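*Asks:* everything below, folded, please.
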Amino acid sequence: MRKLTISSLGAAFALAGLAGTAAASSHREAPSTVNDPCIDNTDVYAWVKPGTRDKLYLMAGYNGLHEPGQGNQQTKLCDNVLYEFHITRGAGMLTDAVTYQIQFKTTAPPRVTPSATLPVGGGAELLVQIGGFKQTYTVTKVENGMSTVIGTDLPVAPPNVGPNTDKIAYMLPTGRAYDDAFAATFIKDLGTSGSEGRAFVGERDDPFYLDEKGIFDILNLKPKGTSKDVFAGFNLNVIALEIPTTKVSGTGMMPAHQGTPGDDTMIGVWASASRRKHTILRGDGRDTAYGPWVQVGREGHPLVNAGLIGVQDQDKFLRTTPLTDVANFAAYFLNPVLVRDLDTLGTYAALGVPAATVTTLKSNRVDILKTINLDDIPTAGAHHVPIEAGKTGDVLRVDLAINSGYPNGRPLAGGCGGTTPCNKEQADVSDVLITVICSGGALPLGDGVDYNDKNMLAEFPFAPLPWQGLTEGHGKTTP
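*Replies:* Purely as a prediction, here's the structure:
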């Protein structure tokens, strides 16, 4: 197990020093998400615009590990799923202060009878992109018990199938490719003249990077240069919102003490997916769903369900809310399974970690909960959330008064435009949580994969263009 590498960060560092780093991911992390890609939330990002902090960015990825060149099998977000961003306020109970609901509608074209003179386009075409199927979405804001529709029939950005299909389906002019300018036409205003922000939904490159093969062999990790980014070349669907900070602050204004962190300027962010309680399957394919919404997926911090919650409770975790995390799952946070597994495999002994230290890492890991709560992060006394039922749970905390840096939010574009290259998050995402869980922050650990296969954008929606189906993605040339 000496393959478990120590990163070049070198010396030990304290948990408070994690501000300015990022976290890991949750692709197909539970039995139910493996069989229901539409509710499989791979990552949640939330951060304020650096410097001005006048914008809050929210992004959630779904349907990960999608091969670009699959024609009619291109994934999309589901019409019968309710997608939501939940926002809590302060250090109190984790109840929703503001919720953004996103629902989809797919419109099929009228049926036509195929004939030799049938023009290009219409329901008889082989590809859904050309055949006239259109997907739109509606955004509803819920605050103080009031629901307000702030975006109606907004178009979803289509997949990048290939030059022939893209030209006919999207009416691109000669010489024009599926590029950033084309994709940007699907960024749409929310509210009157954009008063509630902007939205983008569509297929993009998966910006997450990880040697997943090594991770799931219980951290059998390889050095840089021999590890493999499993997510390279894959696409996913993203829901991205750009919201004025004043719309979620609770006061209608920017935080008064700009630059100074505090509990009163802290929000919590998590995303969920819900399905109707009942579904009727029909012979013509037009199934009907009815009844109340039932939550079937959620995510706040990355790697919580995949790296902390035991498989026996992973589906339960997806169907409950952060309000009940202490009551339901405290034992998993306080007694990490990964630590016990690595001890059994002899990993700590191979690294020379004293037995007494390993014993400390196995139980009463309040440090993990304090990190999630931003307790004393980024400085001593900056935040304090009681570790008790209803106040501690899997929400991504973001302080609106200071620039974001994990665990204070999770910026997707933290490196672009700064000292970190644009193909990296703010810091290596998987390494940080492996380090926190397995060593309490004292021994830096890494998976050997530290950059994405595409550059992040420097502006909204930040996630890179989707890989093209014809020439990119996966697969090998047959000799």
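*Asks:* which residue ranges of the stretch 201-350 of the chain form strands?
*Replies:* Using DSSP state E, counting those that start in this stretch, the strands of the stretch 201-350 of the chain run over 235-244, 266-280, 288-299.
*Asks:* which one of these is the most hemmed in?
*Replies:* strand 235-244 (a mean of 25; mean count of other CB atoms under 10 Å). The way it works is simple: take the backbone N, C-alpha and C, and place the C-beta from them, glycine included.
*Asks:* that strand vs strand 266-280, what angle?
*Replies:* Angle of strand 235-244 versus strand 266-280, following axes from the mean of the first three to the mean of the last three CA atoms, to 10 degrees, is 130 degrees.
*Asks:* neighbouring strands for strand 235-244, and are they parallel or not?
*Replies:* Sheet pairing of strand 235-244 (DSSP bridges) gives strand 55-66 (antiparallel), strand 197-205 (antiparallel).
*Asks:* can you lay out the ones you listed as TSV showing mean neighbour count, mean pLDDT and distance to residue 96?
*Replies:* Output for the strands paired with strand 235-244, formatted as TSV (neighbours: other CB atoms under 10 Å; pLDDT from 0 to 100; distance: least, CB to CB, whole Å):
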stretch	mean neighbour count	mean pLDDT	distance to residue 96
strand 55-66	24	93	14
strand 197-205	25	97	18
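*Asks:* which stretch among those comes nearest residue 248?
*Replies:* For these, the distance to residue 248 is smallest for strand 55-66, at 5.9 Å, taking CB to CB.
*Asks:* dump the strands paired with strand 235-244 to TSV, plus distance to residue 33.
*Replies:* Below are the strands paired with strand 235-244 laid out as TSV (distance: least, CB to CB, whole Å):
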stretch	distance to residue 33
strand 55-66	10
strand 197-205	19
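*Asks:* out of those strands, which is closest to residue 276?
*Replies:* strand 55-66 (17.8 Å).
*Asks:* quick one: that closest one to chain centroid distance?
*Replies:* Computed by CA atoms, centre = their mean, to the nearest Å, the chain-centroid distance of strand 55-66 equals 4 Å.
*Asks:* what's the angle from it to strand 288-299?
*Replies:* Taking the same axes, to 10 degrees, one finds strand 55-66 and strand 288-299 inclined to each other by 110 degrees.
*Asks:* direction included, what does the helix or strand following strand 55-66 pair up with?
*Replies:* Where DSSP states H and E defines the elements, the next helix or strand beyond strand 55-66 is strand 81-89. Applying DSSP bridges to the sheet, strand 81-89 is found paired with strand 98-107 (antiparallel), strand 266-280 (antiparallel).
*Asks:* I'd like to know which of those is closest to residue 235.
*Replies:* Closest among those, using CB to CB: strand 98-107, at 17.5 Å.
*Asks:* how about residues contacting the closest one?
*Replies:* Residues from elsewhere that reach strand 98-107 (CB atoms under 8 Å, 6 or more residues apart in numbering): 58, 76-79, 81-87, 133-143, 147, 153, 156, 201, 239, 241, 243, 247-248.
*Asks:* the bottom helix or strand of the chain by mean pLDDT?
*Replies:* Sorting the helices and strands of the chain by mean pLDDT, DSSP states H and E puts strand 5-6 at the bottom, at a mean of 34.
*Asks:* measure the closest residue to residue 450 other than its chain neighbours to residue 455 for me?
*Replies:* The spatially closest residue to residue 450, leaving aside those adjacent along the chain, is residue 428, at 4.7 Å (CB to CB, 6 or more residues apart in numbering). Distance, residue 428 to residue 455, by CB to CB, to the nearest Å: 16 Å.
*Asks:* more neighbours, these two?
*Replies:* Legend: neighbour count by other CB atoms under 10 Å for residue 428 and residue 455, higher for residue 428 (25 against 18).
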